[in-house]
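Engineer: only geometry, no sequence info:
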């Protein structure tokens, strides 16, 4: 075990016995801690009727652009940087990357997700000496890649059975199942089932990272702070507010995209004031006064 995991409140302690679970702060305690630390609070805190509870975690930023992007990046790195049983004749990382891209394109053609990558390059997920592997993609692109990643991990485990490959496959399958709960594929939403899946994902991720640390590769399968945000989102916030699907950013972004199209000017003079004016006029036109 690494020294950091010996710290009782460390976020990488992901099990039910983690001490941080006993020391979670209320909103007021958190603000008091910031003030005692000499931090300047955001002016938003002083707005009439505003409270910190209005600021919530969302699936897009915690998972699609966070945990899922990290895990998919590690998987893609692993199957391309060295020999992969799926492509035994691919002798170089370039050849393996090309094979991965062709496999992904075939999956896109079959499954037809609403968002997809335009290409796949080594720089999109490989990281470097300072940065750990992570897929650089938009939230929607990453979201619809998770089923492919789960299939890929399971195929790798079937071709080259090892404790490591089976752990990777199990972790992706659990994360995909969790995403299906959040997406509404299973009704009604079961907070207990989602929390259990979340814990399994984190425990498997911890096991992978510890094995990499023991192998002298601590940059691989690492747990970043967003893994803790995932715990907060699924195990605590969702129990109070329900399925994260009901308070995620996709709704806001879809709404903004809709009005950006509606407000578009078809010709004539334009200015920075005209776009919001068109927006307000067309919004008022929807109401019955």
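Structural biologist: That came through fine. Computed from a predicted structure; not experimentally measured. Residues are numbered from 1 along each chain as shown.
Engineer: could you chop the protein up by domain?
Structural biologist: If the domains of the chain are taken from automatic domain parsing, they occupy 3-54, 59-247, 249-285, with pieces of a single domain joined by a plus sign.
Engineer: most tightly surrounded among the ones you listed?
Structural biologist: The highest average neighbour count among these, using mean count of other C-beta atoms under 10 Å, belongs to domain 59-247 at a mean of 18. Backbone N, C-alpha and C define where each C-beta goes, glycine included.
Engineer: mean pLDDT added to the domains of the chain, as JSON lines?
Structural biologist: Supplementary listing: these in JSON lines, determined by pLDDT from 0 to 100:
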{"stretch": "domain 3-54", "mean pLDDT": "83"}
{"stretch": "domain 59-247", "mean pLDDT": "93"}
{"stretch": "domain 249-285", "mean pLDDT": "73"}
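Engineer: show me what the helix or strand residue 284 falls within is in contact with.
Structural biologist: Element membership of residue 284, judged by DSSP states H and E, is helix 274-285. With contacts defined as C-beta atoms under 8 Å, 6 or more residues apart in numbering, helix 274-285 is touched by 259, 262, 263, 265.
Engineer: ok, the second one to residue 255 distance?
Structural biologist: So that's residue 262. To residue 255, residue 262 is 11 Å away according to C-beta to C-beta, to the nearest Å.
Engineer: for the last one, same thing?
Structural biologist: Applying C-beta to C-beta, the value for residue 265 to residue 255 is 20 Å.
Engineer: got the residue ranges for the strands in the stretch 151-289 of the chain?
Structural biologist: All residues of the stretch 151-289 of the chain lie outside strands when identified by DSSP state E, counting those that start in this stretch.
Engineer: where along it do the helices fall?
Structural biologist: Counting by DSSP state H, counting those that start in this stretch, residue ranges of the helices within the stretch 151-289 of the chain are 163-183, 191-214, 225-232, 238-241, 249-262, 274-285.
Engineer: just send the ones you listed back as TSV, with distance to residue 152 too.
Structural biologist: Putting these into TSV (distance: least, C-beta to C-beta, whole Å) gives the following:
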stretch	distance to residue 152
helix 163-183	8
helix 191-214	16
helix 225-232	21
helix 238-241	28
helix 249-262	25
helix 274-285	43
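Engineer: understood, closing this out.
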